[in-house]
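Undergrad: Give the three-dimensional model of this entry:
(one chain, ligands or ions: 1)
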Amino acid sequence: MNAAAPEQNEHNGQAELPGSKSDGSKSDGSKSDADGRLKGLAGLARLKLVVSYVLRYKKLAAMALLSLSIAAAANLAVIGALQPVIDKGFNADDPAAIDRSFAILFGIVVILALAASARAYFVTLLGERVVADLRRAAHARVVSLHPSFFEDNRPSEIVSRLTADAGVIQQVVSTSVSIALRNSALFIGGLSMMVIYNPGLMAIITMAIPLIIAPILYLGRKVRALSRSSQDRIADVATMATESLGAIQVVQAFTREGTEKTRFRDAVERAYETAQRRIMARSVLAGVVIFLISAAITFILWQGAHEVVAGHMTGGEMAAFVGYAIMAAAAAGAVVEVYSDLQRAAGAAGRLGELLEARSAITVPDNPIALPHPLKGRFAFENVSFFYPSKPAIAALQEISFVVEPGQTVALVGPSGAGKSTILQLLMRFFDPQSGRVLLDDVDISQTDPVELRQHLAIVPQDTVIFADTVRENIRYGRIDADDAAVEAAAMAAMADGFIKDLPGGYESWLGERGVRLSGGQRQRLAIARAILRDAPILLLDEATSALDAEAERTVQGALEHLMQGRTSLVIAHRLSTVLKADRILVMDEGRLIASGTHAELLASNPLYARLAKLQFDLEKTEPPETGPEETGARPLSSEGQTLGLNAG
Ligand SMILES: Nc1ncnc2c1ncn2[C@@H]1O[C@H](COP(=O)(O)OP(=O)(O)OP(=O)(O)O)[C@@H](O)[C@H]1O
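TA: Numbers count the residues shown, from 1 in each chain. Okay, the predicted model is just below:
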């Protein structure tokens, strides 16, 4: 099934998300752009999304804000409390004054510590809560989106939005927002205190501020741009490694280790060179910042010394003034620093927001028609024509009409690309046809709720997906409320019980990543067990093209026959045994249904089918069966290099 393997889809190569590249990149504006490709918008306004989630937790946000304000006020008060300590604290005539001053200072420090600790707790918790909600909401949206969305948008990119982007938001809500608020308060508070202590000196400093800020802002922007491109280069390295390591067998089979090493080395070196430029800019920035700030403080001290000598200020006032100046400068720096974080978070929120806003092309109608209960299991295609959204010029199906009566088994045959998998995709309502109708028990499925529709369908795909879980849970995927006995009964009916019991942990053996590896035939039988457990009236089957050995072939075939009993089945047939047993065979070619009938009828009447079958018979003549006609019948119609469909196509 082509559609089930988006990474092999030619369209996929151009389906890169603009948001996954550097901020400045744009989409290529191709047709599918309009169809549902995510755009990666940025802009601080996108933080609205985060704010709306924060506001869901008003109490937590209020506590965070309160503790933050108290901590900032305590911070300012510490410096204020130092002034009397300096001016009066060192007076030998009044030792009690020393104690009073230090008691006040101590009290403020205790408040500061408590408030800072409460701030860290509430703000971090709020960040975690908001991100957990955002992740859940985005994931809930994504799992119900139409399949072609995942062709336009690579799953890895979606995962990165759910993890990395959500992580950025979490960090920003937990840290940067708190830093921004705290430092804004400290900046405004610090400047206000400086005005109170010495308005004249403050006026001179105000005039000098642009001279300090301008070069820092200019250099800061440069560093940020370089940081971004440095991150992009690192992302390139990661993508390259994932790609080549993920296909390590192909790399080694084609002896391309050398090429991969060179490609990787070049990518790593490009990342290093960008990092080198970033480090240089950052170092220069650090030097400039240290120089400008120290020069400004020295200037204030110099002016302040004159003020003290002239009797306009006490020594303690000058110390407090300088303290507030340092605090305001540091606060301004921190705000500038986190501003870029906020921009980053806005970008991340924009990307996550797009997932939240994505709408499925397969919609539930306002008044969905309920399917009859129990379902008879009759389905029909009525003049169905269909174009994949990514290939709007080529019809994948053209005016297809056929009916499958309840309990019938119908086989679909035809060359590769004829449209067989597409028929199954439309029946599952992964796409809606542009014209014509697909009917289930006389109900147009586009008027039904897709979730209800799919509950009546069981699919055995060509490639069985195994989840990282136990054998038992992998089978239970077919029906989540099935009890253990039902799972084992399904495995037995699928002739999987024997090999499962032979596994080291039996039904509890771990499959998937780092788990037990299963053979192709074993995986198929698990898929069949899943479908048996689902117990749906309609069965969709995509036979595996890979040749199984005679033994596996026989067991899989036996399991399938058990599964098909009493159900309406539509089978993409690759085996002669299937077409021989089918009530009817539909022959497809280039999106059209060109013939329909039994094996014998089609042999006599349809040249394409006769050619497909003749290839198989020729094969049988050159490779006589070892164990009798039953096994011959079970040999795949299309196997590697001798695929009927491929040859005929
Ligand atoms: N997701 C998709 N997006 C765009 N085009 C697709 C998609 N899936 C299939 N097609 C195209 O639709 C046509 C029919 O494909 P389909 O997979 O239905 O053929 P098939 O008969 O099942 O072939 P095979 O036996 O090789 O699986 C082909 O031209 C194919 O390239």
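
Undergrad: show me where pLDDT drops low in the chain?
TA: Along the chain, the parts satisfying pLDDT under 70 run over 1-43, 89-92, 514-515, 544-552, 616-649.

Undergrad: can you pull out the strands in it?
TA: 379-387, 395-404, 409-413, 435-440, 443-444, 457-460, 538-542, 568-572, 584-589, 592-597 (DSSP state E).

Undergrad: how about these, which one is nearest Ala77?
TA: Nearest to Ala77, of all the strands of the chain, is strand 457-460, at 68.5 Å by Cβ to Cβ. Just so you know, the C-beta spots here come from the backbone N, C-alpha and C atoms, and that holds for glycine as well.

Undergrad: quick one: contacts of that closest one?
TA: Residues outside strand 457-460 that contact it (Cβ atoms under 8 Å, 6 or more residues apart in numbering): 424, 427-428, 478, 524, 527-528, 530-531, 534-536, 538-542, 560, 563, 567.

Undergrad: and it, which strands flank it?
TA: As defined by DSSP bridges, the strand partners of strand 457-460 come to strand 538-542 (parallel).

Undergrad: quick one: buried residues of the strand it pairs with?
TA: For strand 538-542, a neighbour-count test (16 or more other Cβ atoms under 10 Å) marks 538-542 as buried.

Undergrad: same thing with stretch 141-156?
TA: 141-142, 145-154.

Undergrad: Among those residues, which one sits closest to Val130?
TA: Of those, the one sitting nearest to Val130 (Cβ to Cβ) turns out to be Arg141, at 16.5 Å.

Undergrad: what's the spacing between the closest one and Thr163?
TA: Separation of Arg141 from Thr163 (Cβ to Cβ, to the nearest Å) stands at 16 Å.

Undergrad: cool, Leu65 as well?
TA: From Leu65 to Thr163 the distance is 29 Å (Cβ to Cβ).

Undergrad: out of those two, which sits in the more crowded spot?
TA: Leu65 (16 against 11; other Cβ atoms under 10 Å).

Undergrad: how much space between that one and the ligand?
TA: According to Cβ to the nearest ligand atom, to the nearest Å, Leu65 stands 50 Å off from the ligand.

Undergrad: Report the spatially closest residue to that residue, excluding sequence-adjacent ones.
TA: The shortest distance from Leu65 to any non-neighbouring residue, by Cβ to Cβ, 6 or more residues apart in numbering, is to Leu181 (7.6 Å).

Undergrad: what do you get for Gly304?
TA: The shortest distance from Gly304 to any non-neighbouring residue, by Cβ to Cβ, 6+ apart, is to Met318 (4.2 Å).

Undergrad: now do Asp87
TA: Spatially, and ignoring its direct neighbours in sequence, Asp87 is nearest to Gly316 (3.5 Å; Cβ to Cβ, 6+ apart).

Undergrad: Now do the contacts for the nearest residue to Val571 once chain neighbours are set aside.
TA: Of all residues not flanking Val571 in the chain, Leu541 sits nearest, at 4.3 Å (Cβ to Cβ, 6+ apart). By Cβ under 8 Å, 6+ apart, the contact set of Leu541 is 459-460, 560, 564, 569-572.

Undergrad: again, only using 10 Å
TA: Shown in contact with Leu541 (Cβ atoms under 10 Å, 6 or more residues apart in numbering): 409, 411-412, 424, 458-462, 527-528, 531, 560, 563-564, 569-573, 578.

Undergrad: Please, where are all the helices along the stretch 151-300 of the chain?
TA: With DSSP state H, counting those that start in this stretch as the criterion, the stretch 151-300 of the chain has helices at 155-160, 166-171, 177-197, 199-246, 248-253, 257-309.

Undergrad: so which of those gets nearest Val109?
TA: Distance to Val109, taken as Cβ to Cβ, is lowest for helix 177-197 among the helices of the stretch 151-300 of the chain, at 16.2 Å.

Undergrad: same for the closest one, what does it pack against?
TA: Secondary-structure packing of helix 177-197 (3 or more Cβ pairs under 10 Å, 6 or more residues apart in numbering; DSSP states H and E): helix 48-54, helix 58-88, helix 95-143, helix 199-246, helix 257-309, helix 315-357.

Undergrad: Buried residues, that helix. List them.
TA: For helix 177-197, a neighbour-count test (16+ other Cβ under 10 Å) marks 177-187, 189-191, 193-194, 197 as buried.

Undergrad: neighbours of the closest residue to the ligand within the stretch 201-350 of the chain, just the number please.
TA: Across the stretch 201-350 of the chain, the shortest distance to the ligand (Cβ to the nearest ligand atom) belongs to Val250, at 20.0 Å. As a burial measure, Val250 scores 10 neighbours (other Cβ under 10 Å).

Undergrad: roughly how far apart are it and Glu151?
TA: Val250 sits at a distance of 22 Å from Glu151 (criterion: Cβ to Cβ).

Undergrad: what do you get for Gly407?
TA: 35 Å.

Undergrad: Skipping adjacent residues, who's closest to the residue of the stretch 251-400 of the chain at minimum distance from the ligand in space?
TA: Closest contact between the stretch 251-400 of the chain and the ligand, by Cβ to the nearest ligand atom, is at Tyr388 (3.3 Å). Using Cβ to Cβ, 6+ apart and skipping residues adjacent in sequence, the residue nearest Tyr388 is Ala396, 5.5 Å away.

Undergrad: State the distance from that neighbour to Ile459.
TA: 19 Å.

Undergrad: Check Phe187 too.
TA: When distance is defined by Cβ to Cβ, Phe187 is 61 Å away from Ile459.

Undergrad: returning to what we had before: filter the contacts of strand 457-460 down to the ones in helices?
TA: For these, membership in helices holds for 424, 427, 524, 527-528, 530-531, 534, 560, 563, with DSSP state H as the criterion.

Undergrad: And those residues, which two are furthest apart?
TA: Longest distance between any two of the ones in helices among the contacts of strand 457-460 is 20.6 Å, between Leu427 and Gln524; criterion Cβ to Cβ.

Undergrad: The two: which has the busier surroundings?
TA: The neighbour comparison of Leu427 against Gln524 (other Cβ under 10 Å) goes to Gln524, with 27 against 21.

Undergrad: Report the separation between the more buried one and Pro147.
TA: For Gln524, the distance to Pro147 (Cβ to Cβ) stands at 22 Å.

Undergrad: how about the helices and strands packed on helix 177-197 in CSV, adding distance to Ala491?
TA: Below are the helices and strands packed on helix 177-197 laid out as CSV (distance: least, Cβ to Cβ, whole Å):
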stretch, distance to Ala491
helix 48-54, 44
helix 58-88, 48
helix 95-143, 27
helix 199-246, 31
helix 257-309, 41
helix 315-357, 37
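
Undergrad: Would you mind finding the most buried of these?
TA: Greatest average neighbour count among these goes to helix 315-357 (a mean of 21), per mean count of other Cβ atoms under 10 Å.

Undergrad: That one versus helix 257-309: what angle between them?
TA: Orientation of helix 315-357 against helix 257-309 (axes from the mean of the first three to the mean of the last three Cα atoms, to 10 degrees) gives an angle of 150 degrees.

Undergrad: thinking again about what came up before, please tell me how far the residue nearest to Leu65 sits from Val172.
TA: Distance from Leu181 to Val172, by Cβ to Cβ: 12 Å.

Undergrad: what sits in contact with each of those two?
TA: Joint contacts of Leu181 and Val172 (Cβ under 10 Å, 6+ apart) are Val338.

Undergrad: Count the neighbours of Ala253 for me.
TA: There are 9 residues near Ala253, going by other Cβ under 10 Å.

Undergrad: residue contacts, the nearest residue to Glu128 once chain neighbours are set aside?
TA: In this structure, Glu128 finds its nearest non-sequential neighbour in Gln170, 6.3 Å apart by Cβ to Cβ, 6+ apart. For Gln170, the contact set (Cβ under 10 Å, 6+ apart) comprises 50, 124, 126-132, 134-135, 345, 348.
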